[in-house]
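Engineer: Turn this into a model:
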Amino acid sequence: MPLRNLQKLNDLIESGDLATLKTLAVPIRREFNRSLSFRSAMMISTHNLKHIVKIATLDAECVMLNLEDGVSREQKPYALVLCALALASNPISDKKMVVRVNPLDEGGAEEIAFLNPFMPDAIRVPKIRSVEDVLRVLSLVDESIEVHLSIETKEAWLALEKLAVDSRIKAFYLGVLDLFADLGLSQSFLLPDNPTVQYMLSHFLMTSRACGVKPVSFVYQDYKNHDGLRNWLELEKMMGFDAKGCIAPAQVSLIHEIFGHGEAEIERCREIVRLFEEHSAQGISGFVDARYGFIDEPIYKGALCVLKELH
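Structural biologist: From the prediction side, this is the model:
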């Protein structure tokens, strides 16, 4: 396993021996995790060796291997190789492994070319501004790898409904701090009860879902403020979100708690699916059940959606 000899890796990084470090990064065939049912997308900065060796033990359902913000220019070449080693060390994972590269013209294009053979489940590209940018991304990312996009520029916001130009585009991530800065809005407006913020979230959610793309809500940076995170999660749950970015294990636990489905709800959905399919086989598309009331195809489809999120 490429990440086992930690002392050797540390020595190479500390000595600045990038050439030898690169020789350790050997692509292997990974089994793609195609699931889009993840609730937590936890950011891991790949320049931190102590963090990436713990990937397998994390509870997060999506691990975001980060090469962009938070990684200095000097660290980025080493982070890229460590990212490749992390992928090669996890040929099969129950976590979706996504790499967030840098903007295409700031090293991202070269990072994608380097990472393609290491087969991440998805590559997330920031600072998208147009359909042309998306087409360029699609031309760079290997056809077997999903494409995820950060929505964090005013141009991307205006073009949101047009960006899903290919079935490989599976997720949009709301980069709210960059988006606010690009729009000239103060971060002080970023409150759960602010109507502008609620509009932003609802528009992002509905447009993404209408495009057949998974919407992932923004990272809550104040990772020690659990009450603040809970307030956001309860609002987003009520609106229809089922996934949120995060930066700490404690945030993962709270996200799973709020975005999970209770046993009673799951059992209700299973029963609705069973009852509808039994009646449908008899040519009956609408009926009244003593426990769950009127059941027809829209009710059935809603129950299926909940059960689909469990897999």
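Engineer: Chain neighbours aside, what residue packs nearest to His256?
Structural biologist: Arg39 (5.7 Å; Cβ to Cβ, 6 or more residues apart in numbering). Heads up, the C-betas are built off the backbone N, CA and C, glycines and all.
Engineer: quick one, phi psi at the one you found?
Structural biologist: Backbone dihedrals for Arg39, given as degrees, to the nearest 10, come out at phi -100, psi -40.
Engineer: Is it correct that Ser45 is in contact with His51?
Structural biologist: Yes: at 6.6 Å, Ser45 counts as touching His51 under the criterion of Cβ atoms under 8 Å.
Engineer: Over to Val98. Which of the three states is it?
Structural biologist: Classification of Val98 by DSSP: H, G, I helix; E, B strand; the rest coil places it in strand.
Engineer: Identify the bridge partners of the closest residue in space to it that isn't next to it in sequence.
Structural biologist: Distances taken as Cβ to Cβ, 6+ apart place Ala122 nearest to Val98, at 4.3 Å, with adjacent residues excluded. Going by DSSP bridges, Ala122 is paired in beta bridges with Val98, Glu146.
Engineer: from memory Ala122 sits against Val147, does it?
Structural biologist: Yes: between Ala122 and Val147 a contact is recorded at 6.8 Å, counting by Cβ under 8 Å.
Engineer: what's the burial count for the residue nearest to His256?
Structural biologist: Arg39 has 22 neighbours, counted by other Cβ atoms under 10 Å.
Engineer: what does the one 5 residues further on give?
Structural biologist: Residues contacting Ile44 under the criterion other Cβ under 10 Å number 21.
Engineer: I'd assumed it was in a helix, is it?
Structural biologist: No: using three-state DSSP, the secondary structure at Ile44 is strand, not a helix.
Engineer: Contact partners for it?
Structural biologist: Contacts for Ile44 (Cβ atoms under 8 Å, 6 or more residues apart in numbering) come out as 51-52, 55, 63-66.
Engineer: which residues does it bridge with?
Structural biologist: Under the criterion used (DSSP bridges), Ile44 bridges to Leu65.
Engineer: okay, it: pLDDT?
Structural biologist: On pLDDT, Ile44 comes in at 94.
Engineer: what's the spacing between it and Lys50?
Structural biologist: Relative to Lys50, Ile44 is positioned 10 Å away (Cβ to Cβ, to the nearest Å).
Engineer: can you check Ala41 too?
Structural biologist: 20 Å.
Engineer: out of those two, which sits in the more crowded spot?
Structural biologist: Counted by other Cβ under 10 Å, Ala41 and Lys50 do not tie: Ala41 has more neighbours, with 27 against 8.
Engineer: Secondary structure element holding that one?
Structural biologist: strand 40-45 (DSSP states H and E).
Engineer: right, and Val98 touches Val141 too?
Structural biologist: No: in this structure, Val98 is not within contact of Val141 by Cβ under 8 Å, at 11.8 Å.
Engineer: mind checking the longest helix of this protein?
Structural biologist: Criterion DSSP state H: the longest helix present in the chain is helix 263-280.
Engineer: Just the CA coordinates for that helix, please, in PDB.
Structural biologist: Output in PDB follows, covering the C-alpha atoms of helix 263-280 (Å, rounded to 0.1, in the frame of the first residue of the first chain):
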ATOM      1  CA  GLU A 263     -36.800   4.200  11.100                       C
ATOM      2  CA  ALA A 264     -40.500   5.100  11.100                       C
ATOM      3  CA  GLU A 265     -40.200   7.100   7.900                       C
ATOM      4  CA  ILE A 266     -38.200   4.300   6.200                       C
ATOM      5  CA  GLU A 267     -40.800   1.700   7.200                       C
ATOM      6  CA  ARG A 268     -43.600   3.900   6.000                       C
ATOM      7  CA  CYS A 269     -41.900   4.300   2.600                       C
ATOM      8  CA  ARG A 270     -41.200   0.600   2.300                       C
ATOM      9  CA  GLU A 271     -44.900  -0.200   3.000                       C
ATOM     10  CA  ILE A 272     -46.100   2.400   0.500                       C
ATOM     11  CA  VAL A 273     -43.900   0.900  -2.200                       C
ATOM     12  CA  ARG A 274     -45.100  -2.600  -1.400                       C
ATOM     13  CA  LEU A 275     -48.700  -1.700  -1.300                       C
ATOM     14  CA  PHE A 276     -48.600   0.400  -4.500                       C
ATOM     15  CA  GLU A 277     -46.800  -2.300  -6.400                       C
ATOM     16  CA  GLU A 278     -49.300  -4.900  -5.200                       C
ATOM     17  CA  HIS A 279     -52.300  -2.800  -6.300                       C
ATOM     18  CA  SER A 280     -50.600  -1.800  -9.500                       C
END
